[in-house]
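A.B. asks: Pasted the sequence and its predicted model underneath.
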Amino acid sequence: YGAERTILIKHEAYPYRLPAFDAPPRYIYFSSVGEDSLPFHHEIAAYVKAHPETRLVFQPGTFQIRLGHEALKDLYAVTEIFFCNKEEAQQILNMKETDIPKLLKGLKALGPQIPVITDGPKGSYALDGAKDNGSIWFMPMYPDPKPPVDRTGAGDAFASAFTTAIALGKSVEEALAWGPINSMSVVQYIGAQKGLLSQEAIGKHLASAPAK
């Protein structure tokens, strides 16, 4: 309805297994999978624990959130970057808490070093627990050049840009500026892929970003 949408999900039954890596990857980005995948979560957790040079980025989907954090505690424990929205954080933590810094600290207590919470047009927050003992950063949304067409993929666009920035050696503060720019562009188009920006394009938007 308008720029909002309801997505119906039906996962196919896949034989979820990690590939035989020639060398440990720098990052594993893990997101939505089907309901028959619980052992796969434990396989990933065991791999990352055995290969600390591999950083895990976790953006849970509907099934993973519904499982609860206790069922996936080994995965949360080895996660470096974690993404969810405010409502998902409340569900994961089984809390009605509305204060996002408190929700971030709740997620951090589960294991993720850099939990990130998005709150739609109200902006996004990140707790930098990997380097400086828990500074919390806030970033307002990047101004839309025109009204959004379709919000599908906005969270994925945000998370992928944030992760890329961290992988390139940027700080959490800088990464938090990249995410909203990618989201702003994606919501101007139908679908989750058109509108994704290159590093160069994100840089141009950063250069022309408003002061506040």
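C.D. replies: All right, it came through fine.

A.B. asks: Can you give the distance from the longest strand seen in the chain to the centre of its chain?
C.D. replies: Ordering each strand of the chain by length in residues (DSSP state E) puts strand 79-85 first. When distances are taken as C-alpha atoms, centre = their mean, to the nearest Å, strand 79-85 is centred 5 Å away from the chain's centroid.

A.B. asks: same deal with stretch 142-154?
C.D. replies: On C-alpha atoms, centre = their mean, the centre of stretch 142-154 falls 18 Å from the chain's centre.

A.B. asks: Give the residue spans of the chain that score low on pLDDT.
C.D. replies: 131-133, 212 (pLDDT under 70).

A.B. asks: if we can go back for a sec, after the longest strand of the chain comes which helix or strand?
C.D. replies: helix 86-93 (DSSP states H and E).

A.B. asks: Please identify the buried residues of that next one?
C.D. replies: For helix 86-93, the neighbour count (16 or more other C-beta atoms under 10 Å) marks 86, 88, 89, 90, 91, 92, 93 as buried. No exception for glycine: its C-beta is placed from N, CA and C like everyone else's.

A.B. asks: Tell me what angle the helix or strand following that helix forms with helix 86-93.
C.D. replies: As assigned by DSSP H and E, the chain's next helix or strand after helix 86-93 is helix 100-110. Interaxial angle of helix 100-110 relative to helix 86-93 (axes from the mean of the first three to the mean of the last three C-alpha atoms, to 10 degrees): 40 degrees.

A.B. asks: contacts for helix 100-110?
C.D. replies: 69, 73, 76-77, 82, 84, 86, 89-90, 92-93, 95, 97, 115, 117, 119, 125-127, 129, 134, 136 (C-beta atoms under 8 Å, 6 or more residues apart in numbering).

A.B. asks: can you map out the strands along this protein?
C.D. replies: 27-30, 55-58, 79-85, 114-118, 124-128, 135-139.

A.B. asks: As a markdown table, those with distance to residue 206 would be great.
C.D. replies: Below are those laid out as a markdown table (distance: least, C-beta to C-beta, whole Å):
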| stretch | distance to residue 206 |
| --- | --- |
| strand 27-30 | 22 |
| strand 55-58 | 22 |
| strand 79-85 | 20 |
| strand 114-118 | 18 |
| strand 124-128 | 15 |
| strand 135-139 | 12 |
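
A.B. asks: Thank you, goodbye.
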